[in-house]
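Enquirer: have a look at this prediction, sequence included:
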Amino acid sequence: MRGGAKIFSSFIHEKFCDELLLFQSNFFIGNNGETILKSKDLSLLRNKFELKKTIGLNNNILSIFENLN
């Protein structure tokens, strides 16, 4: 699945994720950008995913998380 905050949050809510690949770019959208998670969604991630690997790609970061359930 590839998408923004709304799609990401809905997949987390429905528990459709076995693995998360979070790509963080050094490019900023600006003041109108959406956060990747709403505060209510953070509780869904706590103790459910474990960071397995972080990879630096030029000035970007790829973080790989695995579902613990």
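Expert: Sure, I can see it. Numbers count the residues shown, from 1 in each chain.

Enquirer: count of neighbours near Phe65?
Expert: 19 (other CB atoms under 10 Å). (C-beta placed from N, C-alpha, C; glycine too.)

Enquirer: likewise Ile61?
Expert: When neighbours are counted by other CB under 10 Å, Ile61 registers 14.

Enquirer: what of Ile55?
Expert: Neighbour tally, Ile55, other CB under 10 Å: 11.

Enquirer: over to Gly3?
Expert: There are 10 residues near Gly3, going by other CB under 10 Å.

Enquirer: ok, Ser25 to Asn58 distance?
Expert: 10 Å (CB to CB, to the nearest Å).

Enquirer: more crowded one of the two?
Expert: Ranked by neighbour count (other CB under 10 Å), Ser25 and Asn58 place Ser25 first, with 11 against 7.

Enquirer: which non-adjacent residue is nearest that one?
Expert: Asn60 (5.0 Å; CB to CB, 6 or more residues apart in numbering).

Enquirer: hey, where'd the strands end up in this structure?
Expert: 19-24, 49-57, 60-67 (DSSP state E).

Enquirer: which residues belonging to the shortest one are considered buried?
Expert: Right, the one you point to is strand 19-24. Leu20 (16 or more other CB atoms under 10 Å).

Enquirer: so what strands line up beside it?
Expert: Its sheet considered, strand 19-24 pairs with strand 60-67 (antiparallel) by DSSP bridges.

Enquirer: what of the longest one?
Expert: Sheet pairing of strand 49-57 (DSSP bridges) gives strand 60-67 (antiparallel).

Enquirer: next, the buried residues of the partner strand.
Expert: Within strand 60-67, the residues that count as buried by 16+ other CB under 10 Å are Phe65.

Enquirer: just the residues contacting stretch 55-64, thanks.
Expert: The contact list for stretch 55-64 (CB atoms under 8 Å, 6 or more residues apart in numbering) reads Glu19, Leu20, Leu21, Leu22, Phe23, Gln24, Ser25, Asn26, Leu51, Lys52, Lys53, Thr54.

Enquirer: the fourth one pairs with what?
Expert: For Leu22, the beta-bridge partners are Ser63 (DSSP bridges).
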